[in-house]
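Peer 1: attaching a predicted model along with its sequence, questions to come.
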Number of protein chains: 2
Amino acid sequence: MTREGGRAGGPAPRSVDVARLAGVSQKTVSRVLNGERYVSDEVRRRVLEAAGELGYRLNSAARALASGRTRSIGVVTLGTALYGPASLLIGVERAARDAGYALRVVNTLEGDPGGVVGAVESLLEQGVDGIVVSEPIDEGAVSLSVDVPVLVLGAPAAFGGTRTVATGVGAEPLARTATEHLLDLGHRTVHHVAGPERWFAARDRLEGWRSALTARGAEQPAVLVGDWSAASGHEAGRALAADGDVTAVFAANDDMAIGVIRALTEAGRRVPDDVSVVGFDDIPVAAYVTPPLTTVRQPFDAVAREGLRLLVRAIERPDADLPPVNDPPVELVVRASTAPPRLRAPSRLRAPSRG
Amino acid sequence: MTREGGRAGGPAPRSVDVARLAGVSQKTVSRVLNGERYVSDEVRRRVLEAAGELGYRLNSAARALASGRTRSIGVVTLGTALYGPASLLIGVERAARDAGYALRVVNTLEGDPGGVVGAVESLLEQGVDGIVVSEPIDEGAVSLSVDVPVLVLGAPAAFGGTRTVATGVGAEPLARTATEHLLDLGHRTVHHVAGPERWFAARDRLEGWRSALTARGAEQPAVLVGDWSAASGHEAGRALAADGDVTAVFAANDDMAIGVIRALTEAGRRVPDDVSVVGFDDIPVAAYVTPPLTTVRQPFDAVAREGLRLLVRAIERPDADLPPVNDPPVELVVRASTAPPRLRAPSRLRAPSRG
DNA sequence: TTGAAAGCGCTAACAA
DNA sequence: TTGTTAGCGCTTTCAA
């Protein structure tokens, strides 16, 4: 008898131990634990009781080896504490867990050798059943054929020749809406502080901004490029503040918008009286900075859940077609950082003043 | 011959396939892949070449089953996009990867049934070699004996009877420093907006605040409790703004500090002229809100790395003693949200004014 | 509805 | 320095 009281010390109990204690075969234990049919209630009860008594825990490595599936999903995400990627990760974890999958996470840092490809390789080696690539940056032609379904969040489908779902490319209409909001207020044009060029998310927003201006026949000012940080927004804001013609700014995320507002404030340009600013994301502090930030809300949680649902379906029904992803709803949150432009002022630079 | 060109279609190659192609035994392939000694350079080269040609990938489930180790670390973290937890996760991932470990992540949402215990159970089932519990909240007596080393970040050691390392409890001196900064400026006392009571992180900061006041013999005002969000800070700020005696506030994180400042601003109380506010964390936007926030910087990355180093050591040298963790350095970042109090004003409430 | 046998692809222990 | 032989603890046949 190898029965251990509780789970103190000794080797971990295996399913044979449970079987012996319950007086059934090892296969029957497996059936009970996997919720298979054709097990009498009586037997099921005995097995569960024995498992509880021994403190039995399934060995997922053995299961993975025998079944060829790990019931886990790998996530490639950026090693940043940015609100967007962090929120997506949370949504993905939650949805995966609800679907019965564990999560294995690999970060890629910008400039990492190997980048996304290396990260995916390492996940494949870990034997994941599916992969989520969250907000990747463009690393040029990626050739890597993967034999599990892949979900790409916030970028066009990559990884040629495989079952890939892409989603969250809906940022473009959101950016268009943000820009139109400023145009609708009466601004002649809108300046843009973009994210890093290699980010697809930055490109979508840039594209949305551009298309809104084009549709209205507005002039397209030169784009300032930041790195998502408030610091870079601040730098861009200094340049913007020096240009007396600027009356409206659309920043590609809220952090940069906050930096822009700070720079404008320091230069004596009031927001929104002199310059209107719109952000992107609706981070939790956006409503509480001064002035409260008009922004566009990204439904991170919905995007992550919807995407994961598709991924799980692709995993569990390998031959079914992958339905397209629904675009998330557009939600503009108007607060106090935007207003109509002041009456046409002389275009010469005014010194900072108290109005 | 089962040799597949490249890696298109067909079953994945196994180490025997590599062995056959390289003309060696399967065990030798295993040796090469594990970087063991006693392999001639010539053989090593041939094996590597064959592996590359076949597109061979190690099967980690098989390895885990045979070796009893997964080379992976499980992380239990909170399902929030809060800057602190997100930063810790990044640091942990990075350090784990550097040490050759993969990461398996389970989130617990506040109020989750099972909470940390359930999360740890699920990780144990996945077969991790070690566990990181990041910023747990107090769930009462936790009894769960775990047979792998555990690292607790930002809380006292839990999980009785096991090899546990705790770290990051150094928030208390940071909070004391923040409070002392305000006292040093000449404020008679400091009000505190705390985090949720069940968070150890909130308790540490509360304790630090309290001890600073006690040491100086300052009066201890009633504590306002928030939930880390700017919204809750805003609510607390409204109450604070209504009290004309308040001249200095220490908020337990930057988000709440921003909410407090917003409420004060709305009430016509100027920061820092009328009220000084200090935050905690130094989130990236802290330097760019208006006024730029005085705060205390948490070295998340250093804490995560140092902790993980200890955890890996505990995994790899089961009998060695666990050295204590070094407390992180205190770093106060003084910006523009703090100033000396105005000359002793009459203590009656003044209506909002422009000073 | 249950059980027996045969692997899954690797590492461990030992032998050569 | 290399190879042989047993498992690791499950799931998958297939048979009863």
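Peer 2: Yep, that arrived. Residues are numbered from 1 along each chain as shown, chains lettered A, B, ... in the order given.

Peer 1: any weak-confidence spans in the stretch 51-200 of chain A?
Peer 2: In the predicted model of the stretch 51-200 of chain A, residues A:113, A:141-145, A:158-162, A:168-169 satisfy pLDDT under 70.

Peer 1: how about the residues of it near DNA strand D?
Peer 2: Selection of the stretch 51-200 of chain A residues close to DNA strand D by C-beta under 7 Å from any atom of the strand yields A:56, A:58-59, A:62-63, A:65-67. Placement of C-beta: from N, CA and C, glycine included.

Peer 1: 6 Å instead, please
Peer 2: Within the stretch 51-200 of chain A, the positions near DNA strand D by C-beta under 6 Å from any atom of the strand are A:58-59, A:62-63, A:65-67.

Peer 1: go ahead and build a PyMOL selection from the buried members of those residues.
Peer 2: To isolate the buried members of these in PyMOL, using 16 or more other C-beta atoms under 10 Å in any protein chain shown:
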select buried, chain A and resi 58+59+62+63+65
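
Peer 1: how about a markdown table for the residues of the stretch 51-200 of chain A next to DNA strand D, with secondary structure added?
Peer 2: Formatted as a markdown table, those follow (DSSP: H, G, I helix; E, B strand; the rest coil):
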| residue | secondary structure |
| --- | --- |
| A:Leu58 | coil |
| A:Asn59 | coil |
| A:Ala62 | helix |
| A:Arg63 | helix |
| A:Leu65 | helix |
| A:Ala66 | helix |
| A:Ser67 | helix |
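
Peer 1: the stretch 201-350 of chain A: strands as residue ranges?
Peer 2: Assigned by DSSP state E, counting those that start in this stretch, the strands in the stretch 201-350 of chain A fall at A:224-225, A:248-251, A:276-278, A:295-296, A:332-333.

Peer 1: before we move on, the earlier item: out of the residues of the stretch 51-200 of chain A next to DNA strand D, which touch DNA strand C?
Peer 2: On the criterion C-beta under 6 Å from any atom of the strand, A:65-66 are the entries of these that sit beside DNA strand C.

Peer 1: the residue nearest the centre of chain A: what's it in contact with?
Peer 2: Nearest to the geometric centre of chain A sits A:Leu88, at 3.2 Å (C-alpha atoms, centre = their mean). Applying C-beta atoms under 8 Å, 6 or more residues apart in numbering or on different chains, we find A:Leu88 in contact with A:77, A:134-135, A:153-154, A:300, A:303-304.

Peer 1: distance of it from B:Gly100?
Peer 2: According to C-beta to C-beta, to the nearest Å, A:Leu88 stands 27 Å off from B:Gly100.

Peer 1: same question for A:Val18.
Peer 2: A:Val18 is 34 Å from B:Gly100, by C-beta to C-beta.

Peer 1: who's more crowded, the two?
Peer 2: Set A:Val18 next to B:Gly100 and count neighbours by other C-beta atoms under 10 Å in any protein chain shown: A:Val18 wins out with 26 against 9.

Peer 1: can you tell me the SS state at the more buried one?
Peer 2: Assignment for A:Val18 (three-state DSSP): helix.

Peer 1: the one helix or strand A:Ile90 maps to vs helix B:83-98, what angle?
Peer 2: Taking DSSP states H and E as the criterion, A:Ile90 maps to helix A:83-98. Orientation check (axes from the mean of the first three to the mean of the last three C-alpha atoms, to 10 degrees): helix A:83-98 against helix B:83-98 gives 70 degrees.

Peer 1: does anything pack onto the helix or strand following helix A:83-98? Which helices or strands?
Peer 2: Downstream of helix A:83-98, the next assigned helix or strand under DSSP H and E is strand A:102-108. In terms of contacts (3 or more C-beta pairs under 8 Å, 6 or more residues apart in numbering or on different chains; DSSP states H and E), strand A:102-108 is packed against strand A:72-78, helix A:83-98, helix A:115-126, helix B:83-98, strand B:102-108.

Peer 1: which of the three states applies to the residue nearest to A:Glu125 when sequence neighbours are not counted?
Peer 2: In this structure, A:Glu125 finds its nearest non-sequential neighbour in B:Arg57, 5.1 Å apart by C-beta to C-beta, 6 or more residues apart in numbering or on different chains. Three-state call for B:Arg57 (three-state DSSP): coil.

Peer 1: got it, and A:Leu151?
Peer 2: The three-state assignment at A:Leu151 reads strand, by three-state DSSP.

Peer 1: cool, and the one 5 residues further on?
Peer 2: Reducing the assignment to helix, strand or coil with three-state DSSP, the entry for A:Pro156 is coil.

Peer 1: burial of the closest residue to DNA strand D within the stretch 251-355 of chain A, as a residue count?
Peer 2: Closest contact between the stretch 251-355 of chain A and DNA strand D, by C-beta to the nearest atom of the strand, is at A:Glu316 (12.6 Å). For A:Glu316, the neighbour count with other C-beta under 10 Å is 13.

Peer 1: repeat that for A:Ala215.
Peer 2: Neighbours around A:Ala215, by other C-beta under 10 Å: 12.

Peer 1: kindly report the same for A:Glu42.
Peer 2: For A:Glu42, the count of nearby residues is 8 (other C-beta under 10 Å).

Peer 1: what's the answer for A:Pro318, then?
Peer 2: Neighbours around A:Pro318, by other C-beta under 10 Å: 10.

Peer 1: cheers, nothing more for now.
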